[in-house]
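> Need a 3D model of the sequence below.
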Amino acid sequence: MKLSFQKYQGTGNDFIIADNRTGAYNGLTTAQIHKLCDRRFGIGADGLMLLNEKNGFDFEMKYYNADGREGSMCGNGGRCIVKFAWHLGIHRELYRFLAADGVHEAEIDMDGIISLKMKDVKSIRRFHNDYILDTGSPHYIKIVSNVTDMDVYKKGYEIRHSKEFEEEGINVNFVEQLREADKIFVRTFERGVEDETFSCGTGVTAAALVCYHNENGFNDVEVKTIGGNLSVEFDRLDENVYENIWLCGPAERVFEGNVLIN
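Numbers count the residues shown, from 1 in each chain. Now for the predicted structure:
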């Protein structure tokens, strides 16, 4: 099989994306996807996405983690596949597509910033002194004082593979509140990649919700990641209800090509 693909990145979170509206790549196996995402023996990526035809929607986003298994929602991946759709000639003022966690909307502004509407969050659970919530994927939020010096792989691996989270897995985010009340720095250990990534869209979203600055009402949290800057806008109704959540940031095409898959 020959795979025609494009490589995209959103704040350093990188993805292999293919147009699968004909169903040509429905037969990709877990092992093949894992090899394609391998940074030494394949193209190299944090995940692979297929853009599928879907009645009633502009497209369907099918996402696979770097380990080759079908994944839950990926925020940066969602922004990248919207940019991919635009490059395919699917031009909309407001995109509407289906992903693993349901329906999403997105728009591209004049500066190329992609704003992706995330699912509403109805619960944030305290776990010891930390937080657990689901923003399309499950996330563990730990507030730290100096995230730059964190051994994110070691600490993230320990939490992700602890007895509480070993079976289903969880993404682990280490978050530092910066001097400005509305700015945070986030580093994430991602399940499925099993390593730190340069950025994680659903993790950034989860961290922003925990680090709100307006008790009730509109919030706009600026987020620094290793791969670049994002922002998360949302309405906080109370301590457990967050609506109109938008993840905003750049997404860029890196290169395109063809690869033979055995």
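> alpha carbons only for contacts and neighbour counts from here, please
Will do.
> how about Tyr63, what does it touch?
Tyr63 makes contact with 47-50, 70-74, 77, 100, according to CA atoms under 8 Å, 6 or more residues apart in numbering.
> Let's see that with 6 Å instead.
Contacts here follow CA atoms under 6 Å, 6 or more residues apart in numbering; on that basis Tyr63 touches 49, 70-71.
> Nearest to Asn258 among these?
Met49 (15.2 Å; CA to CA).
> any chance of the contacts of Tyr63 in CSV, plus neighbour count and secondary structure?
Conversion of those to CSV gives the following (neighbours: other CA atoms under 10 Å; DSSP: H, G, I helix; E, B strand; the rest coil):
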residue, neighbour count, secondary structure
Met49, 26, strand
Glu70, 18, strand
Gly71, 19, coil
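> Quick check: phi and psi on Asn129?
phi -100, psi 10 (degrees, to the nearest 10).
> Now do the helices in this structure.
Secondary structure of the chain (DSSP state H): helices located at 30-37, 75-87, 152-160, 201-210.
> The closest residue to His34 other than its chain neighbours: what's it in contact with?
Spatially, and ignoring its direct neighbours in sequence, His34 is nearest to Gly68 (4.3 Å; CA to CA, 6 or more residues apart in numbering). Residues near Gly68 by CA under 6 Å, 6+ apart: 30, 33-34.
> buried residues in stretch 239-246?
242-243, 245-246 (16 or more other CA atoms under 10 Å).
> again, but for stretch 252-262
Going by neighbour count (16+ other CA under 10 Å), the buried part of stretch 252-262 is 252-253.
> Likewise for stretch 49-60?
Quick answer for stretch 49-60 (16+ other CA under 10 Å): 49-53, 58-60.
> Show me how the record splits the chain into domains.
Per automatic domain parsing, the structural domains of the chain span 2-105+251-260, 125-249.
> neighbours around the residue lying closest to Gly75 once chain neighbours are set aside, how many?
Computed as CA to CA, 6+ apart, the closest residue to Gly75 that is not its neighbour in sequence is Gly201, at 4.1 Å. Other residues near Gly201 come to 30 when the count uses other CA atoms under 10 Å.
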